[in-house]
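> Provided below are the primary sequence and the corresponding predicted coordinates.
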Amino acid sequence: TMGLSRFREGLIVTGTDDGTISVSRDDGKTWNKMTRFPGVPDTTYVSDVAWSLHDEATLYATLDGHRSNDFMPYVIRSTDYGGSWDDISNSRPEFGNIRSFAEHHRNPALLFVGSEIAPFVSMDGGESWNRIDNGRPPSPVHDLAIHPRDNVLVIATHGRGIYLIDDLGPLEHA
């Protein structure tokens, strides 16, 4: 997986299936490679990486351990270009491996992850997580995107289709 910063050209982050996250701040000329993260077993598959939409130095990663028979959710954040990482899976229920991540374009505390069974939301920057249960049947959430103009969360699942949460305004201002 790969993410490009919207703040500045040349900021690139990649995540690999062997548990490596690499950050380049010079358009790929040099890379800072990281392989150890708080609370995450070594070599856990990096399922998604994303630069923050609100702070140039902040990036997020989700990791998926199901290939090692580990179904815990892992969501981590760095606020120093990947120099150090914090576990923001705090107070999470054991809701299965994480496949995708999205940060709200106006509210930096509003975060979404897609798990093996459902999407989840944090309205406090990862301090707590709640399952989004809008009548959608349980299914793996492979990708998430927020349409900025319409403030809509797009949820792409495996085998169940595409779902929309039409107005994120109530969550954005909660």
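Okay, I see it.
> show me what the most centrally placed residue in the chain is bridged to.
Central residue of the chain (C-alpha atoms, centre = their mean): residue 101, 2.7 Å from the mean position. Beta-bridge pairing for residue 101 (DSSP bridges): residue 113.
> and if you look at residue 21?
Beta-bridge partners of residue 21, as defined by DSSP bridges: residue 15, residue 34.
> which residues sit in contact with it?
Applying C-beta atoms under 8 Å, 6 or more residues apart in numbering, we find residue 21 in contact with 13-15, 33-35, 37, 46, 49, 61, 82. C-beta coordinates here come from the backbone N, C-alpha and C atoms, glycine included.
> quick check: the residue nearest to the centre of the chain vs residue 25, distance?
21 Å (C-beta to C-beta, to the nearest Å).
> repeat for residue 105
23 Å.
> about what we covered before: wouldn't the residue nearest to the centre of the chain be in contact with residue 144 here?
Yes. If you go by C-beta atoms under 8 Å, residue 101 and residue 144 touch, sitting 6.8 Å apart.
> what do the two both touch?
In contact with both residue 101 and residue 144: 112-114, using C-beta under 8 Å, 6+ apart.
> so which of the residues you listed is the closest to residue 170?
residue 112 (14.3 Å; C-beta to C-beta).
> excluding its backbone neighbours, what's nearest the closest one?
residue 102 (4.5 Å; C-beta to C-beta, 6 or more residues apart in numbering).
> the one you found touches residue 146, doesn't it?
Yes. At 5.4 Å, residue 102 counts as touching residue 146 under the criterion of C-beta under 8 Å.
> neighbour count winner among those two?
Using other C-beta atoms under 10 Å, the more surrounded residue of residue 102 and residue 146 is residue 102, with 23 against 20.
> mind checking how far the more buried one is from residue 6?
14 Å.
> need the contact list for the residue of the chain most remote from its centre.
Here the chain reaches farthest from its C-alpha mean at residue 29, the gap being 25.5 Å by C-alpha atoms, centre = their mean. With contacts taken as C-beta under 8 Å, 6+ apart, residue 29 has no neighbouring residues.
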